[in-house]
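K.L.:
Just to be clear, the model below is a prediction. Sequence and coordinates:
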Amino acid sequence: MKSIFHHIYSIALVLLAGILPARLHAQKIDSIYFHLYTDSLKKGVHNYINVDAKLADGRWQPLTGKELRFTSTAGKFEGNNLVIDSGFKGRKVTVKAVLKNDTALWREMTIYMKTIEVEERLPTVDEVMKTKEETPRRRRRG
C-alpha cells in the first residue's frame, strides 16, 4: 500500500511539470540594454557596467557576468566592473556585452573617459571638531 506522502509527492510533480514550462517560457530574453549610472568612466576604479535584459513578458531583469561575456577596448572586467588602468591615455572605451546562452543578443556602447579629475578632499578630524565647536547649540524647550 502506497503511503499518502507518495501520492502527495506524485501530485506535486504533476503540478510542477505543468507550471515550470510556462515559467521558463516567460523568462525568454528579447533584448539587452546598457543602463549606466554615470556618463563617463574613471581611471583606477571599478566602473560598474549595468546591463539589463528585457524579457518577453515586458519585465526587466539585471544581468551579471554569469549571463554575459564582457569585452572592451581598454581595461579588464571583474564581473560587471570595468577597471581602467590609471595610466590609460585614451579618450573613450568601447564596451561590448554578449549574452552567453544566445550570442545573437549583444549590445555595444562607447563610453568617454572622465577628463577633469576632481580632487575631493575630506575635512580632517580637527576641522570637523572646530566647526562643531563654533556652531551655537540650541536650548531645548519643554
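P.N.:
Received it, and whenever you're ready, just let me know what you need.
K.L.:
for this protein, what are the low-confidence residue spans?
P.N.:
1-26, 117-119, 135-139, 142 (pLDDT under 70).
K.L.:
Helices along that one, start to end?
P.N.:
4-26, 125-134 (DSSP state H).
K.L.:
Only the buried residues of the last one, if you could.
P.N.:
When neighbours are counted by 16 or more other C-beta atoms under 10 Å, no buried residue of helix 125-134 is found. For the C-beta atoms, the positions are set from N, CA and C on the backbone; glycine is no exception.
K.L.:
Ok, stretch 87-101 next?
P.N.:
93, 95, 97, 98, 99.
K.L.:
so who does the nearest residue to the last one once chain neighbours are set aside touch?
P.N.:
The spatially closest residue to residue 99, leaving aside those adjacent along the chain, is residue 105, at 4.1 Å (C-beta to C-beta, 6 or more residues apart in numbering). By C-beta atoms under 8 Å, 6 or more residues apart in numbering, the contact list for residue 105 reads 29, 31, 32, 98, 99.
K.L.:
beta partners of the third one?
P.N.:
When assigned by DSSP bridges, residue 32 has beta-bridge partners residue 53.
K.L.:
ditto for the fourth one
P.N.:
With beta bridges defined as DSSP bridges, residue 98 has these partners: residue 69, residue 106.
K.L.:
before we move on, back to that, ok, so of the buried residues of stretch 87-101, who is nearest residue 37?
P.N.:
Nearest to residue 37 among the buried residues of stretch 87-101: residue 95, at 13.7 Å, using C-beta to C-beta.
K.L.:
so what's that closest one up against?
P.N.:
Taking C-beta under 8 Å, 6+ apart as the test, what residue 95 contacts is 34, 49, 70, 71, 72, 82, 108, 109, 110, 111.
K.L.:
repeat that for 10 Å
P.N.:
34, 36, 41, 47, 49, 51, 70-75, 77, 82, 107-111 (C-beta atoms under 10 Å, 6 or more residues apart in numbering).
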